[in-house]
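> Here's my sequence, what's the structure:
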Amino acid sequence: MLSFLRPPQTANRASTHGAMFVAWIDGVGCFWISLKDRLTIGGPSSQSASLSPNTATTGESADVAILSDLKRQHATIVRLGEGYLLEANGSARVAGRDVQDRAALIDGSIIELGRTVRLRFRLPSALSLSARLEFLSDHRPAQAVDGIVLLADTCLLGSGDENHIVCSDWPGQVLLVRQGGELGCRSRMEISIGGHRVGGGRNLSSGDVVTGDDLRFRIESLS
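Below is the predicted model of the structure:
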């Protein structure tokens, strides 16, 4: 288990206050990181001609708008205490069973939305309440993304399967730590943030690039 001192606060810096971030990780991919307790999933806000008119809906766009024939806000993943639920507004199945209203999610739960969208829910670390959402079908948001982290406390990045984002070639582990609406970055390895070496960790600004031996990633705010 990693344990770090609280990173120092630095004045006069743009913060990453927001509810959704994106991590671009060299050699690994692109991951969204959500701080929301309720993450909505649905179809795109503007329906293309190839979709049936019956799928058109009104209302706000989903947090994760998948290119599909799902309703605008088809389902919601909710974090309640130490557990997660799926609330269904359209046809949905969890672990092969129809969801009439809501269903509990556990590590490895397969979520089916509509006719063709398939996702996997993961709780990879026993030391964290954060979860990961994986795309099993070919459906993705318009912006390419390889997975979504539902950040409750910490997001672990490293080479082992217990990490929320698996970075197979990394020599060690990096933690993204939720601090209100901001992200802190900590590691036992020697890392640099924005070109400056840091000891222990530091809060991140949108656009910061984190580097170390054989690792590099960039954090941006999507909010």
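> Return the set of buried residues in stretch 29-44.
31, 32, 33, 34, 35, 36, 39, 40, 41, 42, 43, 44 (16 or more other CB atoms under 10 Å). In short, each C-beta sits where N, CA and C put it, glycine included.
> ignore the last one, stretch 169-188
170, 172-178, 182-187.
> now swap in stretch 131-149 and tell me
131, 132, 133, 135, 139, 141, 145, 147, 148, 149.
> got a list of contacts for that stretch?
Taking contacts as CB atoms under 8 Å, 6 or more residues apart in numbering, the residues outside stretch 131-149 that touch it are 22, 28-34, 39, 44, 64-68, 77, 79, 84, 105, 110, 116-124, 130, 150, 152, 155, 164-165.
> PyMOL command for the buried members of the residues you listed?
Buried subset of these, written as a PyMOL selection, criterion 16+ other CB under 10 Å:
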select buried, resi 22+28+31+32+33+34+39+44+64+65+66+68+77+79+84+105+117+118+119+121+122+123+124+130+150+152+155+164+165
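> residue ranges with poor pLDDT in this structure?
1-18, 46-59, 223 (pLDDT under 70).
> let's go with 90 and repeat that
Residues of the chain that meet the criterion pLDDT under 90 lie in 1-19, 45-61, 81-82, 142-144, 179-182, 198-201, 222-223.
> Would you mind measuring from the residue lying closest to residue 65 once chain neighbours are set aside to residue 115?
The shortest distance from residue 65 to any non-neighbouring residue, by CB to CB, 6 or more residues apart in numbering, is to residue 44 (5.0 Å). Counting by CB to CB, to the nearest Å, the gap from residue 44 to residue 115 is 16 Å.
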